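>>> With the input below, show me the fold.
(chains A, B, C and D)
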Number of protein chains: 2
Amino acid sequence: MPAAWVRLLRAHAALTRRMDANLRNVHGLTLSDYEVLVQLANADDRCLSRVDLAERILLSQSGITRLLEGLERVGLVERASCTTDRRVVYARLTEAGQARCLEAAETHLEDVRRAFFDRFSEDELRSLAELLGRLPQQAREADGQ
Amino acid sequence: MPAAWVRLLRAHAALTRRMDANLRNVHGLTLSDYEVLVQLANADDRCLSRVDLAERILLSQSGITRLLEGLERVGLVERASCTTDRRVVYARLTEAGQARCLEAAETHLEDVRRAFFDRFSEDELRSLAELLGRLPQQAREADGQ
DNA sequence: CTCGTATACTTGAGTCTGCAAGCAGTCTAG
DNA sequence: CTAGACTGCTTGCAGACTCAAGTATACGAG
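Now for the predicted structure:
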């Protein structure tokens, strides 16, 4: 029987491919694009700094810069400066971004439903989440080496 | 509480980064490189076709071709032709490849131990593996849509 | 105030990967 | 036997991501 680690690798590859392909085809968004939109949609003022974003979706800072470039170009996100620290450049979700995020969520949540809710009971889902939560969730050492 | 899906994404990102970095630093191998070596080491005759390899480590065929280019260049893997079907080009683990795979395994298994065995009991590990195994494990539709 | 260090972000260069197209070998229907 | 479909592999191109270096701003010690 393949070990948990191998299955995690495969499940990740299989799921992200499927979900990314669906988001692309239906909404013209990458899975990463979508993750950024969701993070912003859930943030205070729909506004987050590059650094925060990088931490939340586990991407390097330069990755975030370039990802946002694309989203800014198509008007889903806009730049906003911080009044108290001029180094930070907020990424703010626009109205269009909010709308697109909601549309894409339908597709994505349907994928998540098929992948998770259709295969597990509520208890199983809770326990899967609990177990996965014990694995490292951050790139940097701090959280559990 | 973050859902299972989010935790899976993060755990994957955190773990692969850590493990990939270790393999690179200590042995000059990518995590993908290592996975290929392991698959070959476990295969009959230490020999596998490109297609088989692609399926096993969930990479596209072109990805495999280029990955093997690198491993061939440094002599860890060699090409071998198939007597019954001249389309297939086997990738065969060399002695050097076998040796390198064993060395790298030490580093990698230590990482796996820290990430998994130190955090879960045997029962928990079994149940994590079982739950993960119910998620799609293949890119193509067939296995569970 | 100012120098040194730390932080937020951007940019350049390079790597890894996938998709689509192409080539070569295989198989099947007629 | 042969035309057409299929399979295994490689290649051109483009995209997404990282690392390292660079710029601008902030902040603490003296």
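
>>> Determine how far stretch A:73-86 lies from the middle of the whole chain.
Chain-centre distance of stretch A:73-86: 19 Å, with Cα atoms, centre = their mean, to the nearest Å.

>>> what sits up against that stretch?
By Cβ atoms under 8 Å, 6 or more residues apart in numbering or on different chains, the surrounding residues in contact with stretch A:73-86 are A:33, A:36-37, A:40, A:47, A:49, A:68, A:71-72, A:88-94, A:96-97, A:100-101. Bear in mind the C-beta positions are built from the backbone N, C-alpha and C, glycine included.

>>> One more: stretch A:116-133?
So stretch A:116-133 is in contact with B:1-5, B:7-8, B:11, B:120, B:124, B:127-128, B:131-132, B:134-135, going by Cβ under 8 Å, 6+ apart.

>>> of the residues you listed, buried ones?
Buried members of the contacts of stretch A:116-133, scored by 16 or more other Cβ atoms under 10 Å in any protein chain shown, are B:4-5, B:7-8, B:11, B:120, B:124, B:127-128, B:131-132, B:134-135.

>>> if we can go back for a sec, narrow the contacts of stretch A:73-86 to those in strands?
In this view, the contacts of stretch A:73-86 that belong to strands under DSSP state E are A:47, A:49, A:89, A:90, A:91, A:92, A:93.

>>> Identify the residues contacting residue A:51.
A:61, A:88.

>>> among the ones in strands among the contacts of stretch A:73-86, which ones are buried?
Buried among the ones in strands among the contacts of stretch A:73-86 (16+ other Cβ under 10 Å): A:47, A:49, A:90, A:91, A:92, A:93.

>>> from the residues you listed, which two are the most distant?
A:49 and A:93 (13.6 Å; Cβ to Cβ).

>>> So for the strand or helix carrying residue A:130, mean pLDDT?
Assigning secondary structure by DSSP states H and E places residue A:130 in helix A:122-133. Mean pLDDT, helix A:122-133: 95.

>>> Up against DNA strand D, what does chain A have?
A:30, A:32, A:58-63, A:66-67, A:70, A:84-87 (Cβ under 7 Å from any atom of the strand).

>>> In space, what's closest to the one residue sitting closest to the centre of chain A - neighbours in sequence excluded?
Nearest to the geometric centre of chain A sits residue A:35, at 2.5 Å (Cα atoms, centre = their mean). In space, residue A:35 comes closest to residue A:57 once its chain neighbours are excluded; the distance is 4.6 Å by Cβ to Cβ, 6 or more residues apart in numbering or on different chains.

>>> From residue A:45, how far off is that neighbour?
Separation of residue A:57 from residue A:45 (Cβ to Cβ, to the nearest Å) stands at 18 Å.

>>> Settle it for me: which of the two has more neighbours?
residue A:57 (21 against 10; other Cβ atoms under 10 Å in any protein chain shown).

>>> do you know how far residue A:7 is from residue A:18?
From residue A:7 to residue A:18 the distance is 16 Å (Cβ to Cβ).

>>> I figured residue A:90 hits residue A:44, correct?
No: taking contacts as Cβ atoms under 8 Å, residue A:90 lies outside contact range of residue A:44: 10.8 Å.

>>> did I read that right, residue A:120 in a helix?
No: in this structure, residue A:120 is coil, not part of a helix, as judged by DSSP: H, G, I helix; E, B strand; the rest coil.
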